[in-house]
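Student: coordinates only, no sequence provided:
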């Protein structure tokens, strides 16, 4: 057990933050959590409601985090342009570190993602980088809020003498309600609607994604890597790609998901059929499903992030990652991808969020 560590989880209600917090708590850490509002998190020892865009209120709120030894920064704020993404997200992470400047910080981890290699929302996937994506790859040209967050992290680590790690997961798979980047729940809702209405269960993404080799990141793997980097001296001051450790093609995985839900696969049309268009009428259909099966009354807009799954599945290039940095230092955690999805589907059923 890890005694004496105090973690500050920034963005504790999201996928990466919630899984990291629970994992650290189970290892004996004291876990301090933050989010924009109040949150009932059974695994949190202390919760701080904070608006990181406001410096004065951030400093006041973070007085309750004066004992933290490790920061896990797992949040961001989406803006209308990448220039605004850069400005707002750099300011948020700066306010965080200024607010804990007097704490006995030893390490800080930043969770970003594959936009490091694929470009910002404004320029997303317009480049065709070498695959697998290498942790040693240089930054792309142009604004990218991941780079801005990193630059603040590097500056603060040098100024306050703590180590850092940057973690770059692929598509995140895990259970949480209300997350804007939740593919497993999105596909579970899509499959449930297809089964209820008799619609074909058609892969919604591009031909390139349907046929190419790819990988994903189970939130449990990311939580393990975050902990490992925080307590492994040799891992100090390094970036880490984060993925399950296996590879797959959607041509295969789509069949596995269809079989789980007892669906026949619809014929792939050879081009993307975005979920945002397919599911334009999802709200009233989901209300009917909730009523018929006595499900938790959660709006479909809180469960499914059509736009984000469309972005991931609609890419027109191959995407998978190399994990040399962590593998060469002994990080060996592995997760089978089918179980990543099926475990989320199982939990959605147990919690009465989708039909059994």
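Tutor: Yes, it's here. For clarity, every value in this text was computed on a predicted model and none was experimentally measured.
Student: helix or strand for residue 280, just tell me which one.
Tutor: Taking DSSP states H and E as the definition, one finds residue 280 inside no helix or strand.
Student: so what does the strand or helix carrying residue 189 touch, helix or strand wise?
Tutor: Under the criterion of DSSP H and E, residue 189 resides in helix 183-197. Helix 183-197 sits against strand 172-173, helix 250-261, helix 275-278, helix 282-293, helix 300-303, helix 306-313, helix 337-350, with contacts defined as 3 or more Cβ pairs under 8 Å, 6 or more residues apart in numbering; DSSP states H and E. Just so you know, the C-beta spots here come from the backbone N, C-alpha and C atoms, and that holds for glycine as well.
Student: list the contacts of the residue nearest to residue 123 when sequence neighbours are not counted.
Tutor: Once flanking residues are discounted, residue 123 sits nearest to residue 142: 5.8 Å by Cβ to Cβ, 6 or more residues apart in numbering. Applying Cβ atoms under 8 Å, 6 or more residues apart in numbering, we find residue 142 in contact with 82, 119-120, 122-123.
Student: returning to that earlier point: buried residues, the helix holding residue 189. List them.
Tutor: By neighbour count with 16 or more other Cβ atoms under 10 Å, helix 183-197 contains the buried residues 183-195.
Student: rounded mean pLDDT for it, please.
Tutor: Per-region confidence: helix 183-197 scores 97 on mean pLDDT.
Student: now stretch 139-156
Tutor: Over the span of stretch 139-156, the pLDDT mean works out to 96.
Student: count residues in the vicinity of the residue lying closest to residue 265 once chain neighbours are set aside, would you?
Tutor: If the residues on either side of it in the chain are set aside, residue 265 comes closest to residue 258, at 5.0 Å by Cβ to Cβ, 6+ apart. When neighbours are defined as other Cβ atoms under 10 Å, residue 258 has 18 of them.
Student: before we move on, what about the one 10 residues further on?
Tutor: With neighbours defined by other Cβ under 10 Å, the count for residue 268 comes to 18.
Student: any weak-confidence spans in the stretch 251-356 of the chain?
Tutor: Applying pLDDT under 70 to the predicted model, the stretch 251-356 of the chain contains no residue that meets it.
Student: quick one: residues contacting the residue of the chain positioned farthest from its centre.
Tutor: In the chain, the greatest distance from the average C-alpha position (Cα atoms, centre = their mean) is reached by residue 292, at 31.8 Å. In this structure, residue 292 makes contact with residue 196, judged by Cβ under 8 Å, 6+ apart.
Student: again with residue 75
Tutor: If you count contacts by Cβ under 8 Å, 6+ apart, residue 75 has them with 10-11, 14, 17, 52, 92.
Student: tally of neighbours for residue 261?
Tutor: Other residues near residue 261 come to 17 when the count uses other Cβ under 10 Å.
Student: any buried residues in the lengthiest helix in the chain, and which?
Tutor: Criterion DSSP state H: the longest helix present in the chain is helix 82-99. For helix 82-99, a neighbour-count test (16+ other Cβ under 10 Å) marks 82, 85-86, 88-97, 99 as buried.
Student: could I get the full set of strands for the stretch 101-250 of the chain?
Tutor: 107-111, 163-169, 172-173, 213-214, 217-218, 238-242, 248-249 (DSSP state E, counting those that start in this stretch).
Student: mind checking the end-to-end distance for stretch 268-279?
Tutor: Its first and final residues considered, stretch 268-279 spans 17 Å by Cα to Cα, to the nearest Å.
Student: which outside residues touch it?
Tutor: Under the contact criterion Cβ under 8 Å, 6+ apart, stretch 268-279 has outside partners 186, 190, 193, 199, 202-207, 210, 300, 304, 306-307, 309-310, 313-314.
Student: any of these buried? List them.
Tutor: Here, 16+ other Cβ under 10 Å leaves 186, 190, 193, 202-206, 210, 300, 304, 306, 309-310, 313-314 buried among these.
Student: and residue 207, what pLDDT?
Tutor: The predicted structure lists residue 207 with a pLDDT of 97.
Student: now it, nearest residue through space, not along the chain?
Tutor: residue 270 (5.8 Å).
Student: coming back round to it: just give me the closest of the buried residues of helix 183-197 to residue 318.
Tutor: Checking these against residue 318 with Cβ to Cβ, the nearest one is residue 183 at 17.8 Å.
Student: just to revisit the earlier point, mind putting the buried residues of helix 183-197 into CSV with distance to residue 70?
Tutor: Rendered in CSV, the data for the buried residues of helix 183-197 read as follows (distance: Cβ to Cβ, whole Å):
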residue, distance to residue 70
183, 28
184, 28
185, 29
186, 31
187, 33
188, 33
189, 35
190, 37
191, 38
192, 39
193, 41
194, 43
195, 44
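Student: which one of those is nearest to residue 355?
Tutor: Sorting the buried residues of helix 183-197 by how near they are to residue 355, with Cβ to Cβ, puts residue 192 at the top with 5.8 Å.
Student: now do the contacts for the nearest residue to residue 262 once chain neighbours are set aside.
Tutor: Nearest residue to residue 262, sequence neighbours excluded (Cβ to Cβ, 6+ apart): residue 195, at 6.9 Å. For residue 195, the contact set (Cβ under 8 Å, 6+ apart) comprises 201, 261-263, 355.
Student: would you indicate which residues of stretch 344-356 are buried?
Tutor: For stretch 344-356, by 16+ other Cβ under 10 Å, it's 344-345, 347-348, 353-355.
Student: ditto for stretch 257-271
Tutor: Counting neighbours by 16+ other Cβ under 10 Å, stretch 257-271 gives 257-258, 260-261, 263, 268 as buried.
Student: thinking again about what came up before, just the buried residues of the contacts of residue 75.
Tutor: 10-11, 14, 17, 52, 92.
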